[in-house]
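Engineer: predicted model follows, preceded by the sequence.
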Amino acid sequence: MKSFRARGRGLLTARVEPVEAALLSQLATNVADLLAGNDSAEDSQEGYPVGDGDGAPSGRDPALVRLFPEAYPGDAEASSEFRRFTLDGLTDRKLRNARTVIATLEDATSATGTTEIRLDPQAAQAWVRTLTDIRLVLASRLGIDDEESEAPGGEPWVVVGDVYDWLGWVQDSLVSALED
Amino acid sequence: MTRRWSPPAGPPAGFVLRTGVAEPVTRGQTGTDRVVEPESVWMTLVWNDPVNLMTYVSWVFRSYFGFSRAEAERRMLQVHNDGRAVVATGSREEMERHVEAMHDFGLWSTLERVER
């Protein structure tokens, strides 16, 4: 993959290999699946780390906890109220962003060689957010919870760690192009 | 949560950004049971996390809050070095919208009342 480049009028382009496109698409799909599952889980209000008596932060996937942080730390009721009003919208937007990424990569994934992907301003906004969501989920899986954290050694974690670092590079490249 | 932290004792000095004049909240419009709450000021905080890139956080501050490049950089470094930064103050409703927007961007953001 080559860095994103600003082409004027808010258009950004990058060249991706089929294997990279497939990987990004798969990761975005994983995030979308996680979010889609979260949507239905919300009906039962299970698992969120709200400390309302028996509310031990046990069942909830830590990745989802990070994607939807408590807005009012130390105030379970206000946090729960905030979540009630924002969760559906946040989930829908994150899902839409992930699907935009998947759609952008469709041709590049099935191509036989390097493909140029083109992001209009709206797609770029979806991309930058979804790359963040993917990295947050991977970091949670890798147990990266402070700046000194080291990814676990041994397969397959070394590979996941490499993917995580590569996504950081892609994100950085996209942000640089957006800044242009 | 990706990092443990203690709630700050009070607002850091010197942050008056996006200070909206909070409208008094009225509940119950029937006239007789009209309750006017005293206006209170809230702040939006962004917390350090080990995942988000410094360039990204800076870009979010610039593109969403409209900070200058230098100001966005300063706030980002404050998040990075001090563990958190106040990025806006104003009415509770307005701060909740900011927190939701920060969650859209994947930043770890909370709000709390500014003690006076």
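Structural biologist: Yes, it's here. Numbers count the residues shown, from 1 in each chain, chains lettered A, B, ... in the order given.
Engineer: where does B:S40 land in three-state SS?
Structural biologist: coil (DSSP: H, G, I helix; E, B strand; the rest coil).
Engineer: per-residue confidence for it?
Structural biologist: We have a pLDDT of 91 for B:S40.
Engineer: now swap in A:D61 and tell me
Structural biologist: A:D61 is given a pLDDT of 89.
Engineer: for chain B, see how far away it is.
Structural biologist: A:D61 is 13 Å from chain B, where distance means Cβ to the nearest Cβ, to the nearest Å. (Glycine included, C-beta is placed from N, CA and C.)
Engineer: phi, psi for that residue please.
Structural biologist: Main-chain torsions, A:D61, degrees, to the nearest 10: phi -60, psi 120.
Engineer: what's the local residue count around it?
Structural biologist: 16 (other Cβ atoms under 10 Å in any protein chain shown).
Engineer: okay but it is in contact with A:L34, surely?
Structural biologist: Yes. Assessed by Cβ atoms under 8 Å, A:D61 is found in contact with A:L34 at 7.2 Å.
Engineer: check the secondary structure at the closest residue to B:G106 other than its chain neighbours for me.
Structural biologist: Of all residues not flanking B:G106 in the chain, A:T132 sits nearest, at 3.5 Å (Cβ to Cβ, 6 or more residues apart in numbering or on different chains). Of the three states, A:T132 takes helix under three-state DSSP.
Engineer: A:T132 touches B:N52, doesn't it?
Structural biologist: Yes. The pair A:T132 / B:N52 is scored as a contact, 6.6 Å apart, by Cβ under 8 Å.
Engineer: need the overlap of contacts for those two.
Structural biologist: Here A:T132 and B:N52 have B:G106 as joint contacts, going by Cβ atoms under 8 Å, 6 or more residues apart in numbering or on different chains.
Engineer: wait, what's in contact with the residue lying closest to A:T86 once chain neighbours are set aside?
Structural biologist: Spatial nearest neighbour of A:T86, excluding adjacent residues (Cβ to Cβ, 6+ apart): B:E100 at 4.9 Å. Contacts for B:E100 (Cβ under 8 Å, 6+ apart) come out as A:86, A:89-90.
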